[in-house]
Structures are given as structure tokens and as C-alpha cells.
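> let me see the structure of the following:
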Amino acid sequence: MILNQISLRASLSKSFLSHFPRKFNPTPSLKPSQNPRKCFSWDLSRPTLACYAFDEFPNQVNEENLKGIEFLQLMEHRGICANCQTYIWILDLCLNSGSLVECKKVHGKILKLGFGNESVLCNKLVDVYFALGDLDGVVKVFEDMPNRSVRSWDKIISGFMEKKMSNRVLDLFSCMIEENVSPTEISFASVLRACSGHRGGIRYAEQIHARIIFHGLLCSPIISNPLIGLYAKNGLIISARKVFDNLCTKDSVSWVAMISGFSQNGYEEEAIHLFCEMHTAGIFPTPYVFSSVLSGCTKIKLFDVGEQLHALVFKYGSSLETYVCNALVTLYSRMPNFVSAEKVFRKMQSKDEVSFNSLISGLAQQGFSDGALELFTKMKRDYLKPDCVTVASLLSACASNGALCKGEQLHSYVIKAGISSDMIVEGALLDLYVNCSDIKTAHEMFLTAQTENVVLWNVMLVAFGKLDNLSESFRIFRQMQIEGLIPNQFTYPSILRTCTSVGALDLGEQIHTQVIKTGFQFNVYVCSVLIDMYAKHGKLDTAHVILRTLTEDDVVSWTALISGYAQHNLFAEALKHFKEMLNRGIQSDNIGFSSAISACAGIQALNQGQQIHAQSYVSGYSEDLSIGNALVSLYARCGRIKEAYLEFEKIDAKDSISWNGLISGFAQSGYCEDALKVFAQMNRAKLEASFFTFGSAVSAAANIANIKQGKQIHAMIIKRGFDSDIEVSNALITFYAKCGSIEDARKEFCEMPEKNDVSWNAMITGYSQHGYGNEAVNLFEKMKQVGEMPNHVTFVGLLSACSHVGLVTKGLGYFESMSKEHGLVPKPAHYACVVDLISRAGFLSRARKFIEEMPIEPDATIWRTLLSACTVHKNVEVGEFAAHHLLELEPEDSATYVLLSNMYAVSGKWDCRDQTRQMMRNRGVKKEPGRSWIEVKNFVHAFYVGDRLHPLADKIYEFLAELNKKAAEIGYVQDRYSLLNDVEQEQKDPTVYIHSEKLAITFGLLSLSDTVPIHVMKNLRVCKDCHSWIKFVSKISNRAIIVRDAYRFHHFEGGICSCKDYW
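The predicted structure is shown next:
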């Protein structure tokens, strides 16, 4: 079998002799008819090697070199004949003296005296010629041997193998097989070593493996060990393992070959397991085995196993071996445990380049640039040369730390050392200047570098991406392809990230098409960036499709999509995909956890958020900043004040997002005072507030109508230069509108240099809340004229405005236009506005019919709106119809019972009123008490109905009596007992029914300056009597009184209300 594949017979002598030139030209004669034993024969110009030996070399030799010849001459002179043993002894003398000349002369004597056929002498001559480097002599001796024994073949094959002449060894082995000589262990071992050094050696090795099996020598470690090494070197690890397993007796070399084979081929776990078997079998591990297994531990991050191996290294006395120590230094550097790494390094008796490179690279990769540079300096002092990887690691460390000066010094060393053209170093240098924001130098270097290095082009794409310079990034991207460079998996993400950052989705989509054309559409890294781009720009369906095309699970791709859903307020979808990701067995990263927790915060899913919190903690992210910020937002939005503060305090490096999460969370959950306290604390800490911070703080002030603090925040906004920010201005419009200062809201709106839909909606809603329906309608028309498209929020404000001023026909027209003109499908809030619009105007039957014909199921808000109007208009029939549905939906809501009870009361149906109140008591439903607030001298005073707990209660009631008297004098008639029957009116103390807003306004008139408007907030709707009373009081006190109830603002001045008594 082997002869067919490696028949080197026809070219053997020519190939051999071409390496050993002589003063004569041999003529090859390897004809098929020749004796195959003469595989090195040729025609010589002299008949014998003896003639050649004596004629070719001169006789002038020194005395020391003629000792062997002199001895032979002495023996001849005395008539003593030399035998084989004599010549062996004399050849040893030649070998010891190193004289090739003497050896050839002795060889001539041997041939002359007829000892040329002695195998023992021929083998000795082969040894001597090999030792003295005369390969021609070896060939001639071997060729002229009358009987070439297997020992002779072994000698010549081993000799040529020691000279690392792999091709010649394979030729000789082929001839050996042709002559039907059975190879020995030595033959096979040598030829396998020759295969290891031959380009196509693995093909020969597999054939030789078959012959080894044929000869029954596979169990021999001498043969199997190099075969294991050969297979492992060529990546045939399964074949290597089979050879290893077939060994009857495994020596240390066998174990080393197999373990190192596993380690070198990426089977680190198998290497470690095999080492454990070796240790259990009692085989003494060599330093090389320790080095291989330690390297395997480092690669797969089994650092605890590596530390145990370190103990074995000490036990077996290998702790001073350089390559073992190098492996230990690398292990501890990657952990990272630099205390142990430096300890091993210091104790090394002999340090080489690898020792320094390992520790320097470890320090640099972990960001310890100072220590790495110090060691780098010591390495140069010891005249050791750092490799390119080490220099690149140092440059990367400087880039990460922004240490441009040190990086420039390294750049100088790179130029001096002549390694500036190395691809790794070039990339690291360019990365240094890019990360240190020295884009100009980076660009200059790029222009002088080897432009065929695609890494450099990628780094430049990143450089211009950092500047959000899309035009230059795209120019680089286009130029690299013009010059014939093919973009790789890192090129596309670099340009796509810039498209994402600057919002150039169109260009990103074009690059996506090129990604598909160049076959990168299934690359995980490229797809993760594409998903991120589409998700951030709201094209979540496209992002979802890309995710589903991936053939492997990738956490970055999943978290990019989850984050996109959360950012676009699709919180349920975000949580759905987060759950699916976990079910697939994908371990979430910090981005996934923070996005999922943010989604829980968005829908106030506290329980689910707490579960994800626990998962993130178990996964080792307890100190992650992004997760910490998300948790602060979750607990703050869910009103868990204590937990929110606790998570906030846990964050060591608080950033603006941490503070914003606490402020906005408290504001959204109704803890507005806490939000403002945190904002004040942030200012005291002299932390820079962002536009989002100011927006949240303004919203908090708006929710509690704290106009004083809100104006202070507005002043800070102007001072910090955020007054031109659209989102901040929108928050200010809402703030002034909610605080009753609609003129300030209008001023802020008019002064905005640029408006968006939120701006228009905020102003329309503000007009609506203040009862300025016509102004709201006019602003809506203007909004359409400037090309701003109305949305659902716009129509809620617009329909409410029409309702507050009785614009029934116009309001219904706007409702119809939602679907017909603007393509908007009305939501429950819009239907509720229409019901309020119709019923407030007294068209209760029409309102009922509208509800019954609605395409959606009416909710509690719609029925409550109808019931409230029935109470005002005393329509019991429709009111009972509305109450029936409302009680089915919300049987525990006190407002339903109160409205129903009041409806019966104003209609004079006292029995029905009493039954309603009894039903309320039986069901354990408690009425929410009416409460009003007023701020006086930086302190908020609260009042309940008939409240006498205030310190100035006596003065308040005394002044209230005066106000009532003055109001009565100009026409005020008190409607005190509209909800009480005659018997109750006689039994009750009239003061216990004084509503809270009357007490608050009276206190304000007592305490505030005449020039300050009275601002009062109430948690319930203002009753008819109080509304009438406030009109008269505004006239007799000549004061502006602004009351914000649960539905709208009432501006009282000069005896007139802004609602025009339509509310």
C-alpha cells in the first residue's frame, strides 16, 4: 500500500546527490533490471572508494591526525594483521580527533584489506561519517554494504532524521519497504518524526499508521507517542485519542503528547480531565504537562482548577521552571489576581520575554497602565524585547485610560523598535488617538499607514462616529471599497452605529441592503447592531424580523430589542420578550435586566419588577449602575419610597439618571413634595441638572400647584440655558396652566422658538382646564394651519374645552373629524368627553343613546360622567340607569354612592337617598372627605368641611360670618341645606356643613396681602352654593380668587367666574 503512494525509488539517488556535491559527476543508473539492493549505485570515474579516498585528499596532515595510521603501519611492520575490532578502535580514534581525512584513509585501508563486507565495520563507518558531517560518505558506505540489515536501515534513517532531512528519510523508508525489510520501532519512530516536518506529512503518516498496525507495533509507546503528536498537530484529535487509548503501556511522553494535543486544539476541558486521569494513575507530571494544563485553565477560565494545579506544581518541584511560571503568570493575570501573578513573577529565577509579556499584557488589559509601563521599562533594561501583542496591550491600556502622553511615548518606542508596520500595533496606535479624541493625529497616521489593513479603516469609522460625523464616516466607508477592501463583520457595525446616533435611518437601511448582498445578514454581531438601530428608531417590527432570522441565540440582539420596546413605551412587549429570552436559556446581561425593570416601572408592575430585581442580584449585577438606576425608577414610580431611597443610596457613583429616576418617579407616583426635596438636595450637592431633571421637577411642582418653587426652578432653567429646550418649555406650559396662571403658560408657549405636538397639546389642554374653550378651538385651528398633526391627546383637550363652554355642535364635529380627516380611532377618553359635552348641556337622553350606540364597551368614567350630569339636571331616570352600570363596574367607589345620593336629594327623593346611604354603609364604602389647600407664607394649610382644628379657627369663622353678611347684602342667597330634608335642617348645626373651600378662601383673605391672588385647591368638584358664594366674595373683597377643583380651574374676579356658570 505504501509503495504505491510514496514510490521515491526513481528519484532517490538524484535527490540525495544534489545535496552532496563532489568533484566528479555521478551518472544515475536506477533501471528496473538492476538489483533493488543497490538503491544508491552509480558509475564512478574510479573503481573503488579506496582510490577515491586516497586520491582526493592530500597526504600533508599533522602528527596528531596520523596516530591511527601510524599504529596500522606499526602493526604491518611487525607482521601483525589488523582485524575488525582493530579498525573499530581506530575509527573511534578518528571520531574523537574529529579528523575526516584520517577517517577516509582508514576507510581506504578497510576496503583494501577486504573488510568492506563486514556489517559491524560498515555500521561503524556510517556512525562516524554522520558524526563528522560527511553525508556523501554515509551514502557510499550504505550503498556498498553487501547485506543491509534492519539495524543498518535504522541507523541511516535515524541519522538523516537527526539532520532534519525529512524528505530523505521518507525516500529511505520507501526503499526499505521495496527491499522487503520489516521496519522496527526505531524506523517507524524516525519516519513519523519526518512526517511531522514534511508539508504533506499527515497523508504519509496515515499510510504509515496502517503499516504499523500491519506489523503489530501500535502498542509500542516509541511509535505511538510521535503518532499521537503528529495527529494532534494536524488537528486530528480523535485519531490521536484512538492511538492513545490503544496503548497498552502509557509512559509520561504518551500522556504529555495527548494532553498537549487537547490543549492546543481547543479541547481544554478534555486536557484537564486527562491530566486528572494521569495524576490518578500515578504518572509523574512533567513541567510541560503543567504548562499545557494551566494554559487550558486560563483559556476556559477555570481559575479555581488552575490554583489547585499551582499547588501540584509546588508538590512536584516544578515551581521554578520558566515555562510553568509563565503559564501561572498568565493564569493569575487573567483572573485577575495580580498579587499572585507578581509573586510568581518575582520568584522566577530565569525570566524570558514570555514572562514579561504575559504580566504586562495582563496588567494592561485590566487597565493597570502604570504598572504595565513600569514593567515594560524594566524589561527593556534587561535587554529583553517585548512582542507586538504586549506593545499593543500597553497602547490599548493608555487608550482606555485616556493617557495620551504615555501613549505617545510608546509610539516613539514603536518607531525606534521598527515595529510600526505591524498590523496589530498599527491598529492599537490608531485606536489610542481615536479614544483620546485626537482625531487629527489619527487621520494623519491613517493616511500614512498600510491601507490594505481593514482594521485601520474600521477604527477610522469609529473615530468619525465618535464625532457624529456621518458624512466623513460614509466617505471612509465608500473609499475603502473603492480601494478593493472588503468590509468585515466589524466594518458594518461601525458605520451603522453612527447612522443610529445621528438618526440617519435611510442610510442605515441602504447599508443593511449591502450587508445582505455581502452575506453578513446572519452574522450575529452585525445583526445585533441592526436590531439596535431599528429598535431605537421605532421600527420594532423590522428589528423583530431580524432577531427571528438569527440561527443562534445572542444575548446582545435580544436585549437590544427588549430595550427598544421599553424605550418606546411598549412595556408589555418588552417583558414578553424578556421572558422568552430566559425560557430559551439565554442568560440576561445588565442591559436586559435594566430594560426589563424599566418596563416594569412603566406599567407599575411591582411584583414582577421585584422578581427581576432578585434575578439580577443572583446573576451578579447587584452593583451595576444601569440596573441600580432602573430599580430606583421602579420603586419610586410604584410609590415605594423607602425601597427607592434604599436603592438610590446603594449606588456609589450616582449619575444624573440616578437623580432623575428618583425625582421623576416620585413626581409620577404622586409624591411630589419628596420629588422637590430630592431636587433641592441635588442642587445643594452642586450636581449638574439635565433638561430631564428640570422637566421632572417642574412637573412635580405642577402636580401640587407649588407655583412659588416652580418659578424658582424656572429661574434656574433660564440661568442654566435650558429655556430653549422644547421638553422643558412644554413642562413649564403645563406647570403654569396647572397652577392657575394661564397667562404665564400662554407667554411661555408664544416665546418658544420651536414647538412640537406636545407644546400645542399642553396649551390646548391648559385652555380647556381654565374654561377658555374658544381660545382652545382657535389654537387648534392654528395648529392645523402650521402643519402640526393633531393626535389623540390633542382631541381630548379640544373636546374637553368644547364641553366646558357648551360648544356642543362644534365639539361633535371635531369628534367626527378624528376618524374622517385625521385617521384617528377614538379611545374611551374621547367617548367620555363627548358624553360630558352632551350631558353637561342637558341632553341626557341623547347622551344615553350615544353611549348605547358606542362601538366600544363604556367604562366607569363614561357612566360616572353621565351620572354627574344627571345630578346637576335632576334627571333621576337616566341617573339610575347610569348608576346601575357604574355600581356593577366599581361597587366600592364612594363617588358613585355620593352622586346617586345627591341626585335623590336634589330631586327630593329622601327615601331613595337614605337607602343609597344605607347601602353604602352596608358595603363598608367610605366617602372621601372634601378637602381644600392654600399656601400662606411657604406653608400649606389644609381644611376639611366644618373644620375647627386650625389654630386661627375662631378668627376664620368670625371673618366668614362677616363675608356672608356682606355677600347677602348684595344678593347672595345661601343654599345650605339642598341635600338635607326639613327635619335634618332643624337638627343640624349649620357650621358643620361649611365646605372646606370657604374656610380656605376666608383664611387666605385674612392672611395674604391685598395684591396677592387667592389660590385654592380642592379634591372634589365645587358645589353650586360655594361657586355662587366665591363670586360674591371676589366682588366684595376686590380680589382675584382662583380655585382648582377635581375637574377644572375657576377664575373669580369682580363677581364673575371664567366658567360663566357652566361647569
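> give me the mean pLDDT for the host helix or strand of residue 358.
Element membership for residue 358 (DSSP states H and E) is helix 353-365. Averaging pLDDT along helix 353-365 yields 84.
> next one: stretch 886-905
Stretch 886-905 comes out with an average pLDDT of 89.
> endpoints of it, how far apart?
The separation between the terminal residues of stretch 886-905, taken as Cα to Cα, to the nearest Å, is 19 Å.
> quick one: that stretch to chain centroid distance?
Shown here is stretch 886-905, whose average C-alpha point lies 53 Å from the average C-alpha point of the whole chain (Cα atoms, centre = their mean, to the nearest Å).
> need the contact partners of it.
Taking contacts as Cβ atoms under 8 Å, 6 or more residues apart in numbering, the residues outside stretch 886-905 that touch it are 859-860, 863-864, 867-868, 870-871, 874, 876, 879-880, 883, 910, 912-913, 916-917, 919-920, 923, 925-928, 978-980. Where C-beta positions appear, they are placed from N, C-alpha and C, glycine not excepted.
> can you map out the helices along the stretch 601-750 of the chain?
Assigned helices in the stretch 601-750 of the chain, in chain order: 606-618, 625-637, 641-650, 656-668, 672-684, 691-703, 707-720, 726-738, 742-751 (criterion: DSSP state H, counting those that start in this stretch).
> tabulate those helices in a markdown table, adding columns for mean neighbour count, distance to residue 415 and mean pLDDT.
Formatted as a markdown table, the helices of the stretch 601-750 of the chain follow (neighbours: other Cβ atoms under 10 Å; distance: least, Cβ to Cβ, whole Å; pLDDT from 0 to 100):
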| stretch | mean neighbour count | distance to residue 415 | mean pLDDT |
| --- | --- | --- | --- |
| helix 606-618 | 17 | 48 | 94 |
| helix 625-637 | 26 | 40 | 94 |
| helix 641-650 | 17 | 48 | 93 |
| helix 656-668 | 25 | 42 | 91 |
| helix 672-684 | 19 | 49 | 91 |
| helix 691-703 | 25 | 47 | 90 |
| helix 707-720 | 17 | 47 | 91 |
| helix 726-738 | 25 | 51 | 93 |
| helix 742-751 | 18 | 58 | 94 |
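> would you reformat those as a markdown table and include distance to residue 1025?
Formatted as a markdown table, the entries for those read as follows, by distance: least, Cβ to Cβ, whole Å:
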| stretch | distance to residue 1025 |
| --- | --- |
| helix 606-618 | 42 |
| helix 625-637 | 39 |
| helix 641-650 | 39 |
| helix 656-668 | 35 |
| helix 672-684 | 31 |
| helix 691-703 | 28 |
| helix 707-720 | 28 |
| helix 726-738 | 26 |
| helix 742-751 | 26 |
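> for residue 954, find the nearest of these.
helix 707-720 (28.3 Å; Cβ to Cβ).
> domain parsing for this protein?
Domain ranges of the chain: 452-552, 554-653, 669-720, 727-812, 827-928, 933-1057, per automatic domain parsing.
> JSON lines please, covering those and showing distance to residue 350.
Shown next, in JSON lines, are those (distance: least, Cβ to Cβ, whole Å):
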{"stretch": "domain 452-552", "distance to residue 350": "36"}
{"stretch": "domain 554-653", "distance to residue 350": "39"}
{"stretch": "domain 669-720", "distance to residue 350": "55"}
{"stretch": "domain 727-812", "distance to residue 350": "66"}
{"stretch": "domain 827-928", "distance to residue 350": "79"}
{"stretch": "domain 933-1057", "distance to residue 350": "78"}
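> the nearest residue in space to residue 137 that is not next to it in sequence in helix, strand or coil?
Leaving out its chain neighbours, the residue that sits closest to residue 137 by Cβ to Cβ, 6 or more residues apart in numbering is residue 129, at 3.8 Å. Following DSSP: H, G, I helix; E, B strand; the rest coil, the label given to residue 129 is helix.
> Provide a list of residues in contact with residue 129.
For residue 129, the set of contacting residues under the criterion of Cβ under 8 Å, 6+ apart consists of 103, 135, 137-138, 141.
> before we move on, what about residue 261?
With contact set as Cβ under 8 Å, 6+ apart, residue 261 has these partners: 228-229, 231-233, 237, 240.
> strands of the stretch 801-950 of the chain, start to end?
With DSSP state E, counting those that start in this stretch, the ranges of strands along the stretch 801-950 of the chain come out as 931-936, 939-944.
> thinking again about what came up before, which one of the helices of the stretch 601-750 of the chain lies nearest to residue 327?
Counting by Cβ to Cβ, residue 327 lies closest to helix 606-618 out of the helices of the stretch 601-750 of the chain; the figure is 33.0 Å.
> tell me which other helices or strands that closest one touches.
On a contact count with 3 or more Cβ pairs under 8 Å, 6 or more residues apart in numbering; DSSP states H and E, helix 606-618 meets helix 590-602, helix 625-637.
> can I get the ones you listed in TSV with distance to residue 188?
Listed next are the helices and strands packed on helix 606-618 as TSV, based on distance: least, Cβ to Cβ, whole Å:
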stretch	distance to residue 188
helix 590-602	57
helix 625-637	62
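> what's the closest of these to residue 121?
That would be, of the helices and strands packed on helix 606-618 and by Cβ to Cβ, helix 590-602, which comes in at 79.9 Å.
> picking that back up, let me know which of the strands of the stretch 801-950 of the chain is tucked in deepest.
strand 931-936 (a mean of 20; mean count of other Cβ atoms under 10 Å).
> from residue 805, how far out is the nearest residue to residue 872 once chain neighbours are set aside?
Here the nearest residue to residue 872 in space, its sequence neighbours aside, is residue 840; by Cβ to Cβ, 6+ apart that works out to 7.8 Å. The spacing between residue 840 and residue 805, counted by Cβ to Cβ, to the nearest Å, is 10 Å.
> which neighbours do the two have in common?
Taking Cβ under 8 Å, 6+ apart as the contact definition, residue 840 and residue 805 share the neighbouring residues residue 1062.
> mind pulling up the pLDDT for residue 468?
Per-residue confidence at residue 468 stands at 86 (pLDDT).
> now it. Its backbone dihedrals?
Comment: the main-chain dihedrals of residue 468 come out as phi 50, psi 30, following degrees, to the nearest 10.
> what angle do the longest helix seen in the chain and strand 939-944 make?
Criterion DSSP state H: the longest helix present in the chain is helix 953-969. When axes from the mean of the first three to the mean of the last three Cα atoms, to 10 degrees is applied, the directions of helix 953-969 and strand 939-944 differ by 70 degrees.
> isn't residue 702 right up against residue 733?
No - using Cβ atoms under 8 Å, residue 702 is not in contact with residue 733, being 9.6 Å away.
> least reliable of the domains of the chain by average pLDDT, please.
In terms of mean pLDDT, the lowest-scoring of those is domain 933-1057 (a mean of 85).
> mind listing what the closest residue to residue 340 other than its chain neighbours touches?
Nearest in space to residue 340, with sequence neighbours left out and distances taken as Cβ to Cβ, 6+ apart, is residue 332 at 4.3 Å. By Cβ under 8 Å, 6+ apart, the contact list for residue 332 reads 338, 340-341, 344, 362.
> hang on, residue 332 is in a strand, isn't it?
No - counting by three-state DSSP, residue 332 is located in no strand; its state is helix.
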